[in-house]
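Trainee: Build me a model:
(one chain, ligands or ions: 1)
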Amino acid sequence: MNSKDADKRYVWHPYTQMRDYSSWDNRVIVQGDGFYLVDGDGNRYLDGIASMWCNVWGHGPNEVVVAMQDQLSRLQHSTLFGLANEPAAFLAEKLVNMAKGMDRVFYTDNGSSSIEVALKMALQYWHNRGKIRKEFVSLERGYHGDTLGAMSVGYIEQFFGAYKPILKKVHQLPSPLLHGSGFDNQDELVESCLEKAEKTLKKLDGRCAAFVMESGAQIAGGVVIYPDGFQHKISELCRKYDVLLILDEIATGFGRLGNMVEYLAQKSRPDIVCFSKALTAGYFPLAATLTHDRIYREFLGNYSDNKQLYHGHTFTGHPVGCAAAIANLQLYEKRNLMQQIKQNSQYLKKRLTEFEKFGIVADIRHKGLLAGIELEKDGKPLINVKHERINYFVYKESLKRGVHLRTLGNILVLIPPLAVGKEDLEKMVDVYLELTAKLQKL
Ligand SMILES: Cc1ncc(COP(=O)(O)O)c(C=O)c1O
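Mentor: This is a model prediction of the structure:
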């Protein structure tokens with residue numbers, strides 16, 4: 001197989017305007033080398049988006065890869081329908097030990113599906129108890145994936161407007177983002193958000209199945225870092241109004257914000273929590289929906305009661321993915337990754353102040369190894385430069401400089417692989433600084 005012969009025309013890329021994409025010399029990645037991706041011509045690109053926010057250790061052989069190879073040589077796949085497999089059983093125990101308050105693990109193979117499972121679990125939990133609860137509450141700017149239920153709870157008009165006819169209407173509450181909110185300080189904003197949340201939960205008394213939100217921060221909807229106490233208070237409100245809390249920790253779990261399990265750091269008590277992305281270091285598609293025994297018990301009964309959870313995928317709990325996750329989580333401990341993340345986060349915080357000098361930088365948001373730099377011109381989001389979308393501009397210009405970066409609309413986001421070294425992190429920040437200076441002049 002020679003990458004020069006690979007015909008790129010047939011690949012339809014996600015979230016990509018293919019007219020632009022195919023008109024430019026796009027790259028075919030053939031190999032990984034540390035934190036770099038290497039294309040067929042030998043060009044190297046620093047993985048500035050952690051291969052869609054999931055990469056931990058970079059690319060190339062390591063203990064996780066060895067564990068996967070070992071698993072492949074013993075058992076490649078066997079179904080979880082009726083049978084367990086060894087890595088799935090071990091991993092479930094490991095996850096339950098980490099995720100305090102959770103007792104059971106349901107596997108899927110991507111984040112969106114783990115959200116679908118969470119929504120179905122919530123609906124059926126009430127159903128099995130003989131109650132009809134059809135409503136869901138979520139936050140504006142939330143993103144939970146691209147399947148139907150996930151799009152409904154993470155509804156973003158620009159992304160999902162065309163699919164509205166098959167989506168469910170969900171009650172969306174304001175997200176606690178200070179910039180552009182009209183509030184002068186965060187406390188007032190949080191108070192207002194919580195007031196609205198309480199009002200909605202009260203209004204939906206006895207009808208709301210679950211409150212769904214990302215844990216710690218919203219990423220795809222614009223890098224919104226929750227103010228201290230916000231998630232805790234939402235969690236308390238859910239208890240008060242007897243509504244299940246579903247936390248989406250798909251992008252923030254396992255260290256992105258500097259905490260291994262974000263909901264514990266946020267002092268919140270979910271009923272259902274979803275993990276994916278960094279779970280396998282990004283080496284295998286795997287996700288997990290965890291819940292506690294109070295929910296699980298409501299699914300037990302005779303077959304004739306029809307209480308079982310009707311969900312399952314062919315590759316649910318894939319042994320190679322579970323083996324990757326076990327080795328990955330062991331490596332976190334062995335290499336003391338959380339400490340390294342904290343140090344790099346401090347460094348990043350310092351470097352981000354260098355963006356303040358640009359007139360087009362309207363807000364800078366950061367926590368752990370997540371940063372968002374919001375660009376505006378004349379008080380409006382800076383979406384286009386010279387008839388070109390800013391995300392396409394940044395994509396092209398960053399690749400020219402040997403880094404793969406991707407914006408979220410007018411927000412420059414930095415989401416490096418979690419174990420990135422200081423020098424590579426420095427390079428990512430330097431390229432963003434250079435591109436911001438260029439954008440300011442255009
Ligand atoms: C918070 C959050 N939830 C869900 C998803 C969907 O996960 P997947 O792309 O694996 O379906 C994502 C993906 O970016 C995410 O960031």
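Trainee: Point me to the residue of the stretch 51-200 of the chain nearest the ligand.
Mentor: Scanning the stretch 51-200 of the chain for the residue nearest the ligand gives G111, at 2.3 Å (criterion: C-beta to the nearest ligand atom). Using the backbone N, CA and C atoms, a C-beta is placed for each residue, glycine as well.
Trainee: Would you map the helices across the stretch 151-300 of the chain?
Mentor: For the stretch 151-300 of the chain, helices defined by DSSP state H, counting those that start in this stretch occupy the ranges 157-160, 186-203, 230-240, 262-265, 293-296.
Trainee: any idea how far the helix or strand containing H366 is from the chain center?
Mentor: According to DSSP states H and E, H366 maps onto strand 361-367. Put simply, strand 361-367 sits 19 Å off its chain's centre (C-alpha atoms, centre = their mean, to the nearest Å).
Trainee: That one pairs with which strands?
Mentor: strand 370-377 (antiparallel) (DSSP bridges).
Trainee: How about the strand it pairs with, which residues are buried there?
Mentor: For strand 370-377, burial by neighbour count (16 or more other C-beta atoms under 10 Å) applies to 370-377.
Trainee: can you list the residues of the stretch 1-150 of the chain near the ligand?
Mentor: For the stretch 1-150 of the chain, the contact set with the ligand under C-beta under 6 Å from any ligand atom comprises 110-112, 115, 143-145.
Trainee: any chance of those residues in a markdown table, with neighbour count, secondary structure and pLDDT too?
Mentor: Below are those laid out as a markdown table (neighbours: other C-beta atoms under 10 Å; DSSP: H, G, I helix; E, B strand; the rest coil; pLDDT from 0 to 100):
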| residue | neighbour count | secondary structure | pLDDT |
| --- | --- | --- | --- |
| N110 | 20 | coil | 98 |
| G111 | 28 | helix | 98 |
| S112 | 22 | helix | 98 |
| I115 | 30 | helix | 98 |
| Y143 | 24 | coil | 97 |
| H144 | 31 | coil | 98 |
| G145 | 23 | coil | 98 |
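Trainee: didn't Q308 look like it was pressed against F299?
Mentor: Yes - Q308 sits in contact with F299 when judged by C-beta atoms under 8 Å, with a separation of 6.1 Å.
Trainee: Of these two, give the one with the bigger neighbour count.
Mentor: A count of neighbours by other C-beta atoms under 10 Å puts F299 above the other of Q308 and F299, at 16 against 12.
Trainee: which residues does that one contact?
Mentor: Counting by C-beta atoms under 8 Å, 6 or more residues apart in numbering, F299 makes contact with 124-125, 128, 307-309.
Trainee: In contact with Y296: list those residues for me.
Mentor: Applying C-beta under 8 Å, 6+ apart, the residues near Y296 are 103-104.
Trainee: Sorry, wrong one. I was asking about L369.
Mentor: If you count contacts by C-beta under 8 Å, 6+ apart, then L369 has 255-258, 341, 344-345, 348, 414-416, 418, 420 around it.
Trainee: How many neighbouring residues does the closest residue to G282 other than its chain neighbours have?
Mentor: Setting aside the residues directly before and after it, G282 is nearest to C54 in space (C-beta to C-beta, 6 or more residues apart in numbering), at 3.6 Å. Counted with other C-beta under 10 Å, the burial measure for C54 works out to 24 neighbours.
Trainee: How about the one 3 residues further on?
Mentor: A count of neighbours around W57, defined by other C-beta under 10 Å, yields 24.
Trainee: Is it in a helix, a strand, or coil?
Mentor: Look at W57: counting by DSSP: H, G, I helix; E, B strand; the rest coil, its state is coil.
Trainee: L177 contacts R141, doesn't it?
Mentor: Yes - in terms of C-beta under 8 Å, L177 counts as a neighbour of R141; the distance is 6.9 Å.
Trainee: intersection of neighbour lists for the two?
Mentor: 222, 224.
Trainee: Settle it for me: which of those two has more neighbours?
Mentor: L177 (25 against 20).
Trainee: any idea how this protein splits into domains?
Mentor: 3-60+336-441, 65-334 (automatic domain parsing).
Trainee: Mean pLDDT lowest where, among those domains?
Mentor: Ranked by mean pLDDT, these end with domain 3-60+336-441 at the bottom, a mean of 93.
Trainee: quick one: D228 from the ligand, how far?
Mentor: For D228, the distance to the ligand equals 20 Å [C-beta to the nearest ligand atom, to the nearest Å].
Trainee: what's near enough to touch Y45?
Mentor: Y45 sits next to 27, 29, 36-39, 399, 402-404 when contact means C-beta under 8 Å, 6+ apart.
Trainee: And it, how far from the ligand?
Mentor: 20 Å.
Trainee: Just the closest residue of the stretch 251-400 of the chain to the ligand, please.
Mentor: Closest point on the stretch 251-400 of the chain to the ligand, by C-beta to the nearest ligand atom, is A251, at 3.5 Å.
Trainee: one step back: redo the contacts of F299 as TSV? Include secondary structure.
Mentor: Shown next, in TSV, are these (three-state DSSP):
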residue	secondary structure
Q124	helix
Y125	helix
N128	helix
K307	coil
Q308	coil
L309	coil
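Trainee: Where neighbours are concerned, which of those has the most?
Mentor: That'd be Y125 among those, by other C-beta under 10 Å, with 25 neighbours.
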